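Visitor: generate a structure from the sequence data that follows.
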Amino acid sequence: MVGGSGEYYVSKKNLPGFSKVMDLLAAVVDIGHPTFASCFGFQMMVQALGGRIIYDPDNMEVGTYELQLSEGGKKDELFRYLPPTFMAQLGHKDRADRLPEGVINLASSVNSRFQAMRIPEKPIWATQFHPELTREENLKRFHRYLDGYASMMSREEVEETLARFSDSPETKDLIPRFLRTVFD
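Guide: Predicted structure coming up:
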C-alpha cells in the first residue's frame, strides 16, 4: 500500500529521498509485487513509470467528486464492480498530465482525465482518489491541511468546498476487493 500525503508534492519532488522512492516503485512494478496506491502514491507511481505529474491548483479537487469509469475500468477485474459513474473522495493539487506508456486508464473526472490506472498483467492498481477515506475522514483531512488550501482559496471557495463533501459508498469496498483479488 502506498498512501497519500498532504505535505509533499510529486511535481516539486520535495519528499526526502524522492529519487530512491521512484526507483523502489519502479522495481516493485518490475517484479510485479501486489500494490495498491492512492493519491500521492498514484502520482508517485505515474512519475516513477515515465508518466508526468504537474502542479495544477486551478484544477485541484478537494471534497467528494463524481468519477466515470473508462471502458478499461468497466472491464477491469477490480473496477468493474463500480457503477459507471460513482462518487469518490479527493484531495490534491498535483495531477497526472500523462500516464505511463502501456498502463490502463480506469476512471476520470471533469477536472482530471486520469483518476485510476492498472498495470496490465500485474496485481498493481493506483487511484488519484482516496478509496480508504470516508466523507468524515476526508473532511478531517481538509481541516488538517486547511492553511495550505486556504492560501489558494477565498473564504467563499472554502465554504463551497466544505459543502462539496458527501458520502462515497461505492468506493469503500475497493481496497478489500483488491486484497481478496490478489491474495485469495
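
Visitor: roughly how far does the closest residue to Leu82 other than its chain neighbours sit from Thr35?
Guide: Nearest residue to Leu82 in three dimensions, chain neighbours excluded: Glu170, at 5.5 Å (CB to CB, 6 or more residues apart in numbering). The way it works is simple: take the backbone N, C-alpha and C, and place the C-beta from them, glycine included. Going from Glu170 to Thr35 by CB to CB, to the nearest Å gives 22 Å.

Visitor: neighbour count winner among those two?
Guide: Thr35 (20 against 16; other CB atoms under 10 Å).

Visitor: give me the beta-bridge partners of the more buried one?
Guide: For Thr35, the beta-bridge partners are Ile124 (DSSP bridges).

Visitor: list the contacts for it?
Guide: The contact partners of Thr35, by CB atoms under 8 Å, 6 or more residues apart in numbering, come to 1-2, 28-29, 45, 123-126.

Visitor: so which of those wins on neighbours?
Guide: Met45 (30 neighbours).

Visitor: re the thing from before, tell me the one among the contacts of Thr35 nearest to Arg177.
Guide: Distance to Arg177 across these (CB to CB) is lowest for Trp125, with 10.0 Å.

Visitor: that closest one contacts Asn105, doesn't it?
Guide: No. If you go by CB atoms under 8 Å, Trp125 and Asn105 don't touch, sitting 11.8 Å apart.

Visitor: find residues that contact each of these two.
Guide: Shared contacts of Trp125 and Asn105, defined by CB under 8 Å, 6+ apart, are found at 116-117.
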